[in-house]
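*Asks:* 3D, please:
(one chain, ligands or ions: 1)
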Amino acid sequence: MLPTTLDEATAALAAVPAAVPVAGGTDLMVGINSGQLRPSALVGLGRVSEIRGWQYLDGHALLGAGLTHARMGRPDFAALIPALAAASRAAGPPQVRNAGTLGGNIVSAAPTGDTLPVLAALEAGLVIAGAEGARREVPVSHLLAGVEMLRPGEIVGHVRVPLLHAPQTFLKATARTGPGRALASVAVVLDPARRGVRCAVGGVAPMPLRPLEAERWIASLIDWDGDRALNREALDAFGEYVAMACIPDPAPAEDGGETPVLPPAALHLRRTVATLARRGLGRALA
Ligand SMILES: Cc1cc2nc3c(=O)[nH]c(=O)nc-3n(C[C@H](O)[C@H](O)[C@H](O)COP(=O)(O)OP(=O)(O)OC[C@H]3O[C@@H](n4cnc5c(N)ncnc54)[C@H](O)[C@@H]3O)c2cc1C
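*Replies:* Presented below is the predicted three-dimensional model:
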C-alpha cells in the first residue's frame, strides 16, 4: 500500500490491522531479511509528502517524520537545529542516510539511535496521527521510556522541536574509525532564554539519559549576560559530573564486604562520556 497523505496511511493501517508502516526500511528490512519480523502487509510512507519537509509554528519547527538523515544533514537544516543535523550526518553510511528517516529512528528507539539524545536534550514532542484525522502529542522522552506507546494504527507524523537560536552540539564516539553505531554520544543544547543547559547521553542505556543535576550546576556558573565562557576546570568538572551520573559507581556490598569496582569496559565508557560532554559544552560555549 502506498498512501499519499497521513490520513490515507492511517486508514490503510486501520483497514489491515496487522500491517506495519515502513519509511526508509533501513531498520525494518534488517528484521524482515533475518526472519525476525514477518509483517503480513506493509504501508509505505515514502509518498506521504506532508511528512518529508518542515514548517514553523509558534517558535517551534514541526519536522516531518519522513525527513531523511541526508536531508537533515544539509546546511539549511543545520542552521535551524545544528545538533540534529550533526547527529544525522553521523547516522551510518551514505546509503543508510539517504533512506533512513527521523521517524524510523525514533520508533526503532535503538539505544544507539543518533537523533535520540538530541531530541531528548531539546525536549521535543511527537505529533502522532491516528485513524479518522485524530492527532495527539507526546514528549519524545515518554515514548523512549515506554511511558507512552504508539497505539495500533498510529503513525508518527511530525516532531515538534523548539527553535532556541543558540549553539548546540552533538558528539559521538564509535568503537572503530568511520561510520558506526555509537559507543556513546552526547548532545548539549544551550537555552539562553531559560538560562539553561540541557544535555543528553546516548548509547549507554536503553534510552538517552539526562544528567539534570549536572545541567543545573553548570548553568549556574555561566554568565548568561556576558561572554558565557567557562574555564577548563569547570568544563572538566561538567564532563565528570555527567559521566558519573550516567555510569555511577557500583553500590557498596550489602554484607559490608569489599566495595565492588567498575569493570574496565564501564570505566572506559565513563571516560568517553566525560570527554564528549566536556568537548560538547566547550564547543557550545566557544
Ligand atoms: C548499516 C546500517 C547502519 C546504521 N547506522 C546507524 C547509525 O549510525 N545511527 C543510527 O541512529 N541509526 C543507524 N542505523 C539504523 C537506521 O538507519 C535508522 O534507525 C533510521 O533512522 C531508520 O529509519 P527508517 O526510515 O529506515 O526506518 P524503517 O526501517 O522504515 O522503520 C523502522 C521502524 O519504525 C517504524 N516506523 C517508521 N516510520 C514510522 C512512522 N512515521 N510512524 C510510525 N512508525 C514508523 C517501522 O514500522 C519500523 O518499526 C543503521 C542501519 C543500518 C542498516
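
*Asks:* and whatever residue of the chain ends up closest to the ligand, which of the three is it?
*Replies:* The minimum distance from the chain to the ligand, using Cβ to the nearest ligand atom, falls at residue 104 (2.1 Å). All C-beta atoms are positioned from the backbone trio N, CA, C, and that covers glycine. Using DSSP: H, G, I helix; E, B strand; the rest coil, the structure places residue 104 in helix.

*Asks:* so what's it up against?
*Replies:* For residue 104, the contact set (Cβ atoms under 8 Å, 6 or more residues apart in numbering) comprises 23, 24, 26, 27, 28.

*Asks:* Just put the residues you listed in a markdown table and tack on pLDDT and secondary structure.
*Replies:* Listed next are the contacts of residue 104 as a markdown table, based on pLDDT from 0 to 100; DSSP: H, G, I helix; E, B strand; the rest coil:
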| residue | pLDDT | secondary structure |
| --- | --- | --- |
| 23 | 98 | coil |
| 24 | 98 | coil |
| 26 | 97 | coil |
| 27 | 96 | coil |
| 28 | 96 | helix |
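
*Asks:* that older thread, how about the residue of the chain closest to the ligand: what's its closest non-neighbour residue?
*Replies:* Nearest-residue entry for residue 104: residue 23, 4.5 Å, with adjacent residues in sequence omitted and distances by Cβ to Cβ, 6 or more residues apart in numbering.

*Asks:* near the ligand, which residues of the stretch 101-250 of the chain?
*Replies:* Counting by Cβ under 6 Å from any ligand atom, the positions of the stretch 101-250 of the chain adjacent to the ligand are 101, 103, 104, 105, 107, 108, 112, 113, 114, 155, 156, 181.

*Asks:* Go through the residues you listed and give me the one with the most neighbours.
*Replies:* Taking other Cβ atoms under 10 Å as the neighbour criterion, residue 101 ranks highest of those with 29 neighbours.
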